[in-house]
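Chemist: Provided below for reference: sequence and predicted model.
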Amino acid sequence: MTRHGLTRRQTLELLAGATAAAATGCGRGDRRVVAPWVDAPADVAPGEPLRFATSLVEDGLGTGVLVESHDGRPTKIEGNPLHPASLGAAGPREQAALLGLYDPNRAGVLRQGTAPVSLRHFVEAFAPGGAAVGPRGDGVHLLLEPTSSPTTLRLLDLVRERLPGVTVHASLPDEEESARAGALAAFGAPVDVLHDPAQVDALAAFDADPLGGGPGWLPRARAWASRRRSSTDLLRTWVVEPLTTLTGAKADHRLARPPSRVPVLFAQLAARLLPGLPVAPALTSAPLDEAERAFVERVAVDLLTAGPRAWLAVGAAAPPWMHAVAHLVHARLGAPVRAIAPVRLQGDGLPPLLDALDAGAVRALVVLGGNPAYGAPAELRVASRLARAGVLARLGAHEDETSRLATWFVPQRHDLERWGDARAFDGTVGLIQPLIEPLFDGRTVDEVLAVLAGLGEVADRALVAATAGEVEPGLWRDRLRRGVVEGTAAPQVPVAVDPDAVLALARGAAPSTPTGLELRFTPCPKVADGRLANNPWLQELPHPVTRTSWTNVATLSPATAARLGVDTGDAVLVDREGAGVGLPVVVDPSQADDTVGLTLGYGREGDEVVAAGLGADVSVLRRAASPWVGDGGHVTRTGKASLPRVQLQLERHGRAVARTHDPHEPPGQRQPLPQVYGPSKAHLTAPHQWGMSIDLSTCIGCGACAVACTAENNVPVVGPLEVELGRFMHWIRIDRYVEPEGGRDVFQPMTCQHCETAPCEVVCPVYATSHSPDGINAMVFNRCVGTRFCSDACPYKVRRFNWFKYSARSPALAALQRNPDVTVRDRGVMEKCTFCVQRIRAAERSARLAERPLVDGDVTPACAQTCPTGAIVFGDVADPESRVSRLHADERSYAELEELGTRPRVRYLAVVRDEAGLPTAARRP
Amino acid sequence: VPALFPPWSNSVIRASLVLAAGATFGFPALLMGAVRSPWLTDVGRATDQPIRFDHRHHVVDDGIDCRYCHTTVETAATAGFPATSVCVGCHAQIWNDSPQLALVRESAVTGRPIPWRRVHDLPDFVFFQHAPHVHAGVGCETCHGRVDRMATVRPASTLTMGWCLDCHEHPEDRVRDPYLVTEMGLDARPADRARGALPPDRLDPPIHCYGCHR
């Protein structure tokens, strides 16, 4: 082809340049105002972020975090490496807590009835002798969220001292209720039991999800992952469960069975592990099918071989006897179980309070945090019973279901706005310090307790300082800087399992004969029991298993769905004993037959604008006696539902994607296809060449990386309608792949592969995407004109297009969160993963100014930084000694779609799965 | 049949073709010229400041180094505007009752910052960093001009991408001894400037998109 005159590209360049000039050239406004310090603090430069250590509290337990603050605005949360509950990692909820701070729907008005009042009025009414509590506090009840805070406990003692008539109802998470009862029966005393998966060779989980949440899940997931990288040192994982949990998805061997079968299989396993002991005789005699018998036998052999290195995990839905029997098994096998005194304040929570309310004995009720009026099984009628309190005072972040009932409402401050303290799952005390002045006029639990204790209006800082006592200022600053108080981990307590008590508890277990469909309820892995439902980042994050966002769904197995004549995307009515809930259906190939999976946390009816109208509240289907499982369910198709779902295909259709490592496969057997692009590396001239390794074996699909990326890179939230149209903007998505018959799930984080010969670059008419000399597929937002050719050319479908000005749709308050080091994208612009180039440039600058070379580990993108299991490793592939280079050279390493010749800089490590081999102990060399 | 078009219509059509061609290329050229003109780059345009601060006096008469007030230029992205306390450090003693400094005194007493106006303002998609430039030996005057001769600060450079790249492609012609970055007038004496400057192999400014954009 001969060329003459202007080429097509040059013409477009000139036109684009001229148009851009016309668009940007006009109307320069006034000069921007710069407001310098009046008295500048030392070592603070405008625009340069500072980081502070603090803790975020969930279910009463602290997780240590480091919060990045840009000119006084908290902009990013990362895990605190010194904190035992984090070890540097942060889960999706910790990441998203940042947006919770900037939630414009948070309550900001202290009110009595509907009238705004001052704090002084509240203090007068609720101080000892005040109108609401009286001189002794008789008939006054306190309902507390789970708490471990030393300051809160100290103030509670003061309240009890000052108001001896007060009844304190401490709550603990509902999901842990059964485990608590089991431990109490087995050990004779309440204890917290901690397992270290790094010391385990065989894990059998019975409808339990140790990787998916619960106290200490971040370090637990990291320890589990440390034993999942090599087939010779594998923590073999066996799972029996009705729905798909993250642990089940990662299992080597998994049996999907309805909830009613789980105790039967457990009892028969326990009988094998505890020969001679009569464990649940009514269940051990129940018949098993062939698959079940083989599975139980193999688990038993593996656990017995592992001996002290065995772990039998039992979940929330299991009755207490199963937890107790698991403790007995550990004792018999000699497993080194670490028991500590309970970290949180023990109590029975809501039930005794409801009894007192029914008896009309509650003169005043003070609800500190939580949202008891929502989410409990509907038959308990919690809301109407709470309303029987003479006075209901409520400290809460939102005007939610419980706040509606309140005669006094006090807004609650966010964890990032307050002083406080919280203990980690292992007892370590972490300090909470504010990152910002309160955005809304709130108070803390401690401040309200101080009022009740007659201390009056005391600021949270003084309360925490008083708990710490006389501390040398340097030591106090050091604790604040580190975020943890050294040496405060709870000591191990000696415990012994009482076999007779365990067997007595287990004796009563009877087989159930379920009718209709079985129901299994779980808290949402994203918004928990609904308390985080107003957080758009968590709503937009796809559910790891159903791949849906912005709603809860009813999950069914393919066979059951076919029998009922429903399919993914249908609207159904799930009903039980006359009460029904309408939900969209998602068919999960890995799920057990005859079971409906239902998620809590949706159908919220508070004043939270984001949460309103999303999903449906399933509490009418729950029963207080058995809150997590049930039967007698019916599913009827009612039509089509709108279903925001980001992945419509879970199968591989014969392609070698999301691979499983086969140690026997001869290397290099795949024939590369003819290459479209030359092997030229002439454009890769920089000394550092960036690359990434993602370990599919240790990715547990939790979604922390996606939320971290959203926070770091100003990724906009698009909402349910746009998600349904396929316009979600996440720069990293976690694809789920399953076998056609279900099981053997693989989570595959998919982001821009930064191909050395990138198909997207050659089709861009305006050079908006090009390759940087250090090997990054650069996307220059201000140059993009939105042809979307690049997205069409990308074989990985990781480019995202701003169909609208999504960034302008978020509330003004949420804009305070944005990272000033990353451009906020406009309408009509393509965007995608940049390898967090802002972090690379910042690290390069630091090294240059310090006149030292960049070393491995200086640059960590947001996804790799937060990953609980360390599945993502980033670094310089030109340095053969870097971690990423070594992982790229691993025998498990491969590139997705490498036959296309795109030469991705992101390479994957294939899943290690135990096929049918020997127990781990026998394989260890 | 009478002629549908009179003879002069040929001229009209030819003239329109010439005009259309002129407009097609001339209008974009006009716009491209406009954004490069001082009218839109603000080169040489003074900005009204809340205080009539005179760099000439402070730099030449008093011999104050740029970094005395622009404290973060060697460590951070922005050079920084001086805190009121920096002004008051001297002006508590001298000219402490000058009416021109009323705003400084007010700021020091009330704690409200002085609302300076930004003179050099880059688009938000450009991530410029002062520190590496200073570190490499790019003098203040190389971009900001002879501030020591300015009564009010006026931009001396266009700050367009082409202007940036001119230097990024040939930095060795522009840099100096990093210890002399604040020295004024050195750009006029290339021989002096070249003394002590980093060797070309230690100058590797980015000339790709991700150097400054993201």
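Modeler: Now that the structure is in, tell me what you want to look at. Remember, predicted model here, so these are calculated numbers, not experimental data.
Chemist: residue boundaries of the strands in chain B?
Modeler: Taking DSSP state E as the test, the strands found in chain B are B:116-117.
Chemist: ok, and for the helix or strand bottoming out on mean pLDDT in it, which residues are buried?
Modeler: Least confident helix or strand of chain B, by mean pLDDT, DSSP states H and E, is helix B:38-41 with a mean of 86. Of the residues in helix B:38-41, B:Leu40, B:Thr41 count as buried by neighbour count, 16 or more other CB atoms under 10 Å in any protein chain shown. To be clear about C-beta, it is placed using only N, CA and C from the backbone, and glycine gets the same treatment.
Chemist: Need the contact partners of it.
Modeler: If you take CB atoms under 8 Å, 6 or more residues apart in numbering or on different chains as the criterion, helix B:38-41 is touched by A:Gly25, A:Arg28, B:Ala34, B:Val35, B:Gly44, B:Arg45, B:Pro155, B:Thr158, B:Leu159, B:Thr160.
Chemist: And the residue of the stretch 301-450 of chain A closest to chain B?
Modeler: Chain B sits closest to A:Glu437 of the stretch 301-450 of chain A, with a gap of 15.1 Å, by CB to the nearest CB.
Chemist: helix or strand for A:Leu887, which one?
Modeler: Taking DSSP states H and E as the definition, A:Leu887 sits inside helix A:883-888.
Chemist: List the neighbouring strands of the helix or strand following that helix plus their orientation.
Modeler: Per DSSP H and E, the first helix or strand lying C-terminal to helix A:883-888 is strand A:893-894. Pairing partners of strand A:893-894, with direction, according to DSSP bridges: strand A:906-909 (antiparallel).
Chemist: can you give me the offset of the partner strand from its chain's centre?
Modeler: Centroid separation for strand A:906-909 versus its chain: 24 Å, with CA atoms, centre = their mean, to the nearest Å.
Chemist: do the same with stretch A:294-314
Modeler: Put simply, stretch A:294-314 sits 29 Å off its chain's centre (CA atoms, centre = their mean).
Chemist: Buried ones in that stretch, by neighbour count?
Modeler: Buried residues in stretch A:294-314, counted by 16+ other CB under 10 Å: A:295-296, A:299-300, A:302-303, A:305-306, A:309-314.
Chemist: Filter those down to the ones in helices?
Modeler: In this view, the buried residues of stretch A:294-314 that belong to helices under DSSP state H are A:Phe295, A:Val296, A:Val299, A:Ala300, A:Asp302, A:Leu303, A:Thr305, A:Ala306.
Chemist: Need those in JSON lines (columns: pLDDT and distance to chain B).
Modeler: Shown next, in JSON lines, are those (pLDDT from 0 to 100; distance: CB to the nearest CB, whole Å):
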{"residue": "A:Phe295", "pLDDT": "95", "distance to chain B": "51"}
{"residue": "A:Val296", "pLDDT": "95", "distance to chain B": "55"}
{"residue": "A:Val299", "pLDDT": "95", "distance to chain B": "51"}
{"residue": "A:Ala300", "pLDDT": "95", "distance to chain B": "56"}
{"residue": "A:Asp302", "pLDDT": "94", "distance to chain B": "50"}
{"residue": "A:Leu303", "pLDDT": "95", "distance to chain B": "52"}
{"residue": "A:Thr305", "pLDDT": "93", "distance to chain B": "53"}
{"residue": "A:Ala306", "pLDDT": "93", "distance to chain B": "50"}
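Chemist: In JSON lines: those, plus distance to A:Ser55.
Modeler: Putting those into JSON lines (distance: CB to CB, whole Å) gives the following:
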{"residue": "A:Phe295", "distance to A:Ser55": "41"}
{"residue": "A:Val296", "distance to A:Ser55": "42"}
{"residue": "A:Val299", "distance to A:Ser55": "38"}
{"residue": "A:Ala300", "distance to A:Ser55": "41"}
{"residue": "A:Asp302", "distance to A:Ser55": "38"}
{"residue": "A:Leu303", "distance to A:Ser55": "36"}
{"residue": "A:Thr305", "distance to A:Ser55": "40"}
{"residue": "A:Ala306", "distance to A:Ser55": "35"}
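Chemist: wait, what's in contact with the closest residue to chain B within the stretch 101-250 of chain A?
Modeler: Using CB to the nearest CB, the closest approach of the stretch 101-250 of chain A to chain B is made by A:Tyr102 at 20.2 Å. Applying CB under 8 Å, 6+ apart to A:Tyr102 gives the contacts A:Leu439, A:Pro811, A:Leu813, A:Ala814, A:Leu816, A:Gln817.
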